[in-house]
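[1] dropping the sequence and predicted coords here.
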Amino acid sequence: MGEVTRPGAVIAIDGPAGSGKSTAARRVAIALGLRYLDTGAMYRALTWWLLEQGIDLADTAAVLARIAEPRIEIGTDPRQPRIAVNGTDVAGPIRDRRVSNSVSTVAAIPEVRALLVARQREIIAATTATGTGIVAEGRDIGTVVAPDAAVKVYLTASEEVRAQRRSAELDADPAATMAAVRREQARRDERDAPQSAMAADAVDIDTSALTLDEVVDQVVAMAWSRRTVSRG
Ligand code: DC
């Protein structure tokens, strides 16, 4: 017995860095047999390409002159997330600190957002048109990208827990990493704030004291209770 997805089912998962939303979103998609869209990866891929071109990201005019050039391809298989720029797999490089520390500058440019939001809506529409639902993850899914999403979740976690999760992912001296991660996190939170919003109809889940399984279970239960998916 599997789950039968209702046509057009969109699950929006938003939240700050370190809230655990990427892993949770992928796991929810796998559990419900849905596709998965990591919108942050698209902002990262564009930023990676701009850096590769040697473009000064503080020069907005220079950035805007080039944003339509790279061909950003993103896969929607939650078991095999794939992101490529002009045919080059960039799944690894887009997670580098170089990109992580620059991406919010690029994501803050309104024209960049208009371009990527349009692509994200296209991907979501193309997926739901086939009768398959999708879990979309980012900062503005429930408010801007998919305001009609059937389920909207805003994941949060305490500043300390988020920093712990991030530094655990990095392979270095734990104490030094923790301090650096906290500083970078505070900077990124501040820069991402204008682009991040919790929809009025979103459910806020504080993941600080929850395991990943518990977060996934809560979102899956919401999807069932809202008849987004039904048990086949
Ligand atoms: O979730 P993430 O760390 O991969 O996001 C990377 C950057 O992109 C981060 O600065 C926030 C930004 N972002 C955004 O502005 N809107 C989205 N929908 C997703 C990410």
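    In hand now; what should we look at?

[2] okay, and for this structure, where does confidence drop off?
    1-8, 171-172, 174, 227-232 (pLDDT under 70).

[3] which stretches of it form strands?
    Along the chain, counting by DSSP state E, strands occupy 3-5, 10-14, 35-38, 72-74, 83-85, 88-89, 134-138, 151-156, 203-206, 229-231.

[4] can the second one be found next to the ligand?
    So that's strand 10-14. No. For a cut-off given as CB under 6 Å from any ligand atom, strand 10-14 has no contacts with the ligand; the smallest distance is 7.5 Å. All C-beta spots, glycine's among them, are computed from the backbone N, C-alpha and C.

[5] can you list the strands that that strand pairs with?
    Sheet pairing for strand 10-14, assigned by DSSP bridges, gives strand 134-138 (parallel), strand 151-156 (parallel).

[6] compare these and give me the one nearest the ligand.
    Distances from the ligand to each of those were compared using CB to the nearest ligand atom; the minimum, 2.6 Å, belongs to strand 134-138.

[7] and the closest one, anywhere near the ligand?
    Yes. If you take CB under 6 Å from any ligand atom as the test, strand 134-138 does meet the ligand, through G138.

[8] how about residues contacting that strand?
    Contacts of strand 134-138 with the rest of the structure, by CB atoms under 8 Å, 6 or more residues apart in numbering, involve 9-14, 21-22, 25-26, 28-29, 32, 34-40, 76, 78, 120, 123-124, 127-128, 145-146, 149.
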